[in-house]
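# could you look at this predicted model? Sequence included:
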Amino acid sequence: MSNVVANSWRNNPAVRQIDWNNLYQSNWTARDTVSGLKGARAHYLLAEDVTATKRFNFNTTFNTVISQKFLLTGGLSYQSEVDEHYRKAKDLLGADYYIDVNSYAQFDYNTPQYNQKDTVVRQGGKYSYDYEMHINKAAGWLQGTYKFNHLDVFMAVDLSNTQFYRNGLFYNTVFPTTSLGKSNTNNFDNYGIKGGFTYKVNGRNYIYANEYFATIAPNYNNVYLSPNTRSLTQDQISSMNVKSMEVGYIYNSPKVKMRLAGYYTESDNEMQVRSYYDELLVNTVNVALRNISKLYYGLEWGGEIKPVANLTVNGTVGINRAFYNSRQYATETIDNVDSIVSKDTVYSKNYRIGSTPQEVFTLGFTYRSPKYWYIGLSANYFDELWADISPIRREYRSTTGAPYGSAQWQQIINQEQLPSNYRLDLTAGYSWKLPKSFGMKKPTFVNFNLGINNLLNNQNIIANGHEQLRYDSKYFQEGAFPNKYVYAMGINFHLGANIRF
């Protein structure tokens, strides 16, 4: 049977595409009617999820010279934003109206559950959900810079207040007390302190160090568990803490330029909300995570040399590590049930943070001709790329059905390292000075630029990957919900031209 299905997907375009004619026909020939309404009731429709934003921004900065060696800079900012999120019936596919019944909630309660009081939806009307998110942020910052003969020192501080709340515009019968109206206001007072110095050994050698401490208000998307349906929030809401340090060395000369830096960054108390469709629960499940800590550290080197006239050789090396640095806590809810499904610990500590390579190596050559053309070639190699983990698979209850240490158990908890990859890129350009016969009073140049990325057409580059939140906790079938990958484009190019005068 699986072979028949696979063959249909490969060879029958009708299987791979939406059968629009069938959807229209189903709407036209539907026999069920609604009392008091005339016309065809839509069983299928084309929806559009809309975010309509109204934003007001105010910024002002000032600079003042206290003395020849001391400069003071500051600023104030204010932002007010209202984001309305709603679903719109973009096309009823030939029908006259749609009844806004929550089919998932109806499955749970065996009675119709309506998303709003006005359940009849015409084309272009709102349905399913409609709410506003109100965000206000006021901030001020001040930075002082003092310049000695061989030493530049700076210190900066910023203070901010962030407030946001949800205003529900639809009444949901499953959440009668939390779906409609204004929620409580979340209020966060935050600060940031940054300082550093640059020591100028001489005109070519520099040593610098920077340090940063801050608290950052969470994004509302990571506070509300399911804002489409209700104003329920995470249990413990707090600002994220960040501390970061960087030290480096810079060398500058006419033929050699180089920068070497090491850094360490740690963040705590981060929150996140992720959602997925669960086949066993027949519903959308929201996973609210808190106590997320992350650790980043590494070394980065970049430099260029000019071994001969008109030729530049450049290279970069980045060797970094990024880990989850704590056990997280997960609260799971269902979009159509007014209760918490579970609370559990996520054993996430020491797993790699995915989606970006943690080792990068680049070598490039650029030749610039005295006759106003240039050509460049760069080779890039990426390694230590990991698929981002699913918190569901790191909860204790997710492994209880598999024997400890077994292949099934390892399959659940192991993190996939993605293959290393490489890419070759080419750039070229030509600058043409227009002759005076063109009537230009000033020197005028026409510049042509060509870029060819992935010159070798390597189509096996996995740019990033992640584990699905969906997970076979019943049968532990390998490959039931495989990891998802995003592949980089094959060979591609861009061509541009501009006039400079």
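Structure's in. What do you need?
# can you give me the strands for the stretch 51-200 of the chain?
70-91, 98-99, 120-121, 126-147, 151-168, 181-182, 186-200 (DSSP state E, counting those that start in this stretch).
# okay, now the unreliable bits of this protein?
1, 31, 103-118, 437-441, 474-476, 478 (pLDDT under 70).
# center of it - which residue?
Centre of the chain computed as the mean C-alpha position; nearest residue by Cα atoms, centre = their mean is Ser355, 10.3 Å away.
# in terms of helices and strands, where is that residue?
Counting by DSSP states H and E, no helix or strand carries Ser355.
# can you tell me how far the closest residue to it other than its chain neighbours sits from Gln328?
Distances taken as Cβ to Cβ, 6 or more residues apart in numbering put Asn464 closest to Ser355, at 4.1 Å, once the chain neighbours are dropped. Backbone N, C-alpha and C define where each C-beta goes, glycine included. Computed as Cβ to Cβ, to the nearest Å, the Asn464 to Gln328 distance reads 21 Å.
# out of those two, which sits in the more crowded spot?
Gln328 (22 against 18; other Cβ atoms under 10 Å).
# against Thr331, how distant is the closest residue to Ala47 other than its chain neighbours?
In space, not counting the residues next to it along the chain, Ala47 is nearest to Arg87; the distance is 5.5 Å by Cβ to Cβ, 6+ apart. As judged by Cβ to Cβ, Arg87 and Thr331 stand 25 Å apart.
# now the strands for the stretch 301-450 of the chain?
311-324, 328-334, 340-346, 359-368, 373-383, 385-386, 417-418, 421-433, 445-453.
# nearest to Asp100, of the ones you listed?
strand 328-334 (19.2 Å; Cβ to Cβ).
# run through who's touching that closest one.
The contact list for strand 328-334 (Cβ atoms under 8 Å, 6 or more residues apart in numbering) reads 225-226, 232, 234-235, 281, 283-292, 339-346, 348, 391-392, 395.
# equivalent analysis for stretch 473-493, please.
Here stretch 473-493 has contacts from 280, 387, 397-398, 401-402, 408, 411-412, 416, 418, 421, 423, 450-468, 470-472, using Cβ under 8 Å, 6+ apart.
# quote the end-to-end distance of that stretch.
45 Å (Cα to Cα, to the nearest Å).
# list the buried ones in that stretch?
For stretch 473-493, the neighbour count (16 or more other Cβ atoms under 10 Å) marks 473, 476, 481, 483, 488 as buried.
# ok, stretch 16-26 next?
So, applying 16+ other Cβ under 10 Å, buried residues of stretch 16-26: 23, 26.
# how about stretch 194-208?
194-198, 200, 206, 208.
# which of those sits closest to Glu270?
Looking across these and measuring by Cβ to Cβ, the closest to Glu270 is Lys194, at 19.9 Å.
# and the closest one, what are its bridge partners?
Following DSSP bridges, Lys194 is listed with bridge partners Ala156, Tyr212.
# state the distance from it to Asn57.
Taking Cβ to Cβ, one finds Lys194 at 23 Å from Asn57.
# endpoints of stretch 453-464, how far apart?
18 Å.
# check contacts around the nearest residue to Lys442 once chain neighbours are set aside.
What sits nearest to Lys442 in space, not counting adjacent residues and going by Cβ to Cβ, 6+ apart, is Phe501, at 5.3 Å. Residues near Phe501 by Cβ under 8 Å, 6+ apart: 440, 442-445.
# same check, this time on Ile18
With Cβ under 8 Å, 6+ apart, Ile18 has no contacts at all.
# check the gap between it and Leu46 for me.
In terms of Cβ to Cβ, Ile18 sits 10 Å off from Leu46.
# picking that back up, contacts only, for the residue nearest to Ser355.
Taking Cβ under 8 Å, 6+ apart, one finds 354-356, 385, 388, 485-486 in contact with Asn464.
# switch the cut-off to 10 Å
354-357, 385-388, 418, 484-488 (Cβ atoms under 10 Å, 6 or more residues apart in numbering).
# on the three-state scheme, it is what?
Reducing the assignment at Asn464 to three states with DSSP: H, G, I helix; E, B strand; the rest coil gives strand.
# next, count neighbours for the residue lying closest to Tyr296 once chain neighbours are set aside.
Excluding the flanking residues, the one nearest Tyr296 by Cβ to Cβ, 6+ apart is Thr265, at 4.3 Å. If you count neighbours by other Cβ under 10 Å, Thr265 ends up with 16.
# just the buried residues of whichever strand or helix holds Thr265, please?
For Thr265, the enclosing helix or strand under DSSP H and E is strand 256-278. Neighbour counts over strand 256-278 (16+ other Cβ under 10 Å) mark 257, 259, 261, 263, 265, 267-273, 275, 278 as buried.
# helices or strands next to that strand in the packing?
strand 205-216, strand 240-252, strand 283-305, strand 311-324, strand 328-334 (3 or more Cβ pairs under 10 Å, 6 or more residues apart in numbering; DSSP states H and E).
# winner for burial among the ones you listed?
strand 328-334 (a mean of 21; mean count of other Cβ atoms under 10 Å).
# strand partners (parallel or antiparallel) of it?
Sheet pairing here is set by DSSP bridges, and for strand 328-334 it gives strand 283-305 (antiparallel), strand 340-346 (antiparallel).
# can I get those strands in CSV including distance to Phe323?
CSV is the format used below for the strands paired with strand 328-334 (distance: least, Cβ to Cβ, whole Å):
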stretch, distance to Phe323
strand 283-305, 5
strand 340-346, 14
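# mind checking which of those strands is nearest Asn63?
Relative to Asn63, the nearest member of these by Cβ to Cβ is strand 283-305, separated by 30.7 Å.
# dump the closest one to PDB, restricted to CA.
C-alpha atoms of strand 283-305 as PDB (Å, rounded to 0.1, in the frame of the first residue of the first chain):
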ATOM      1  CA  ASN A 283      -5.700  19.600  19.000                       C
ATOM      2  CA  THR A 284      -3.100  22.400  18.900                       C
ATOM      3  CA  VAL A 285      -0.800  22.100  21.900                       C
ATOM      4  CA  ASN A 286       1.100  25.100  23.300                       C
ATOM      5  CA  VAL A 287       4.400  24.500  25.100                       C
ATOM      6  CA  ALA A 288       5.300  27.400  27.400                       C
ATOM      7  CA  LEU A 289       9.000  27.200  28.500                       C
ATOM      8  CA  ARG A 290      10.700  29.300  31.200                       C
ATOM      9  CA  ASN A 291      14.100  29.200  33.000                       C
ATOM     10  CA  ILE A 292      15.900  29.100  29.700                       C
ATOM     11  CA  SER A 293      19.600  29.800  30.100                       C
ATOM     12  CA  LYS A 294      22.100  30.000  27.200                       C
ATOM     13  CA  LEU A 295      25.900  30.000  27.200                       C
ATOM     14  CA  TYR A 296      28.000  31.300  24.300                       C
ATOM     15  CA  TYR A 297      31.800  31.600  24.100                       C
ATOM     16  CA  GLY A 298      34.500  31.400  21.400                       C
ATOM     17  CA  LEU A 299      37.400  32.900  19.500                       C
ATOM     18  CA  GLU A 300      37.200  34.800  16.200                       C
ATOM     19  CA  TRP A 301      40.000  35.900  13.900                       C
ATOM     20  CA  GLY A 302      39.800  38.000  10.800                       C
ATOM     21  CA  GLY A 303      42.500  39.500   8.600                       C
ATOM     22  CA  GLU A 304      43.700  40.600   5.200                       C
ATOM     23  CA  ILE A 305      47.100  41.000   3.600                       C
END
